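Chemist: the following comprises the amino acid sequence and a computationally predicted model.
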Amino acid sequence: MAATRISSKARACIVFCAWLTASLAQAWEPAPETSGREVLQAARRDASEGRLAEAAEKHLWFHEHVLEREPSMRGVRLSFALADWVALARRYPAAMAQLIAARDRAVARVEDGGLAGGQALNEVVSFNSRLRDPESTRDAFARLVLRDPVVAEQAAPQVLPALVELNDIEFASKHLHVDEAVGRIERTYTQLQATSSALPANQIEAMKRWQQRHVDIQLAQVVYVLCKDRREAEAEQVVARGRALLAPDAPVHHMTEAQRCIAPPNENAG
């Protein structure tokens, strides 16, 4: 089901619902021996069987506290678990209220700056890519720019899809360090290739094609901003680096389109 953007009136209702829920409900907590994966599985069962309030409590606990017990769940927390929470929130307004409140707390933490501020921005991006709220991502990034410009420059690539979606090319171009952004994409792709070699043979090719498409879109975001900012020579250099990075038969459709100032898809959008 396609997500819809949240109006100011709906947001006010959600904030009130979050306050009311927090005021009336007692915080749920699993037994000390319960793993984070078990909490997530229980939340899924609750949601599938119609116990939406119980599912919401478990998702809130998982997001707020699972890393205190299991730091290794960091990736799951902002991917599979967040996807499940958003799906529940679209069915259950109280869960949406809790989710928005958690996102807004992350926005506030961006102003801490430093490593904590950068991690908070990453959390905001994860929330907003699924809530389809690029304005919130841009606002959080602007806060980090003011609070800690160096960290903001390092984080610029992760907010690029939101800025492209908003067509805020001036802001994107100002804070995009092309060599650093492309270098990070190159390093990540190389690391992923090494990881993929451990997969079963029948999965390696499919994973390789997915990784190539992912790189194509990431680099196309950079190329698109450069094209719109009339920095064609730099855009050509990025495409050349992309072709050199990927296999000769790898798809570069989105980079090629971006050279014509056609925006690539936002694959992070939920």
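Modeler: Yes, it's here.
Chemist: helices of the stretch 51-200 of the chain, start to end?
Modeler: 52-69, 74-77, 80-89, 93-110, 114-131, 134-147, 149-165, 169-175, 178-196 (DSSP state H, counting those that start in this stretch).
Chemist: what number of residues lie near the closest residue to Ala120 other than its chain neighbours?
Modeler: In space, not counting the residues next to it along the chain, Ala120 is nearest to Arg109; the distance is 3.8 Å by CB to CB, 6 or more residues apart in numbering. For the C-beta atoms, the positions are set from N, CA and C on the backbone; glycine is no exception. For Arg109, the number of neighbouring residues by other CB atoms under 10 Å comes to 17.
Chemist: which element follows the longest helix along the chain toward the C-terminus?
Modeler: Ranked by residue count under DSSP state H, the longest helix found in the chain is helix 201-228. The helix or strand immediately downstream of helix 201-228 is helix 232-245, counting by DSSP states H and E.
Chemist: got the angle between that next one and helix 201-228?
Modeler: For helix 232-245 against helix 201-228, the angle by axes from the mean of the first three to the mean of the last three CA atoms, to 10 degrees is 170 degrees.
Chemist: where does the stretch 51-200 of the chain have low pLDDT?
Modeler: Scanning the stretch 51-200 of the chain for pLDDT under 70 picks out 197-199.
Chemist: and stretch 178-197, how far from the chain's centre?
Modeler: On the basis of CA atoms, centre = their mean, to the nearest Å, stretch 178-197 sits 18 Å off its chain's mean C-alpha point.
Chemist: can you mark which positions in that stretch are buried?
Modeler: For stretch 178-197, the neighbour count (16 or more other CB atoms under 10 Å) marks 178, 181-182, 185-186, 189, 196 as buried.
Chemist: other residues contacting stretch 203-217?
Modeler: For stretch 203-217, the surrounding residues in contact (CB atoms under 8 Å, 6 or more residues apart in numbering) are 185, 189, 192-193, 196-197, 199, 242, 245-247, 250-255, 264-265, 267.
Chemist: now with 10 Å, please.
Modeler: Applying CB atoms under 10 Å, 6 or more residues apart in numbering, the contact partners of stretch 203-217 are 161, 185-186, 188-189, 192-193, 195-200, 242, 245-247, 249-258, 264-268.
Chemist: among those, which ones are buried?
Modeler: The buried subset of these (16+ other CB under 10 Å) comprises 161, 185-186, 189, 196, 242, 245-246, 250, 252, 254-258, 264, 266, 268.
Chemist: now Arg44: how far from Ser126?
Modeler: In this structure, Arg44 and Ser126 are 19 Å apart, going by CB to CB, to the nearest Å.
Chemist: and the two? Which one has more around it.
Modeler: Here Arg44 and Ser126 are compared on neighbour count by other CB under 10 Å; more neighbours surround Ser126, at 21 against 18.
Chemist: excluding its backbone neighbours, what's nearest that one?
Modeler: Closest residue in space to Ser126, ignoring its immediate chain neighbours: Leu78 at 4.2 Å, by CB to CB, 6+ apart.
Chemist: again with Trp61
Modeler: Distance criterion CB to CB, 6+ apart; nearest residue to Trp61, sequence neighbours excluded, is Trp28 at 5.7 Å.
Chemist: the one you found: neighbouring residues, count only.
Modeler: 13.
Chemist: my read: it touches Gln98, true?
Modeler: No. At 11.5 Å, Trp28 and Gln98 do not qualify as touching, with contact defined as CB atoms under 10 Å.
Chemist: common neighbours of the two, please.
Modeler: Overlap of the contact sets of Trp28 and Gln98 (by CB under 10 Å, 6+ apart) consists of 56-57, 60.
Chemist: out of the buried residues of stretch 178-197, which is nearest to Ala155?
Modeler: Ala181 (10.5 Å; CB to CB).
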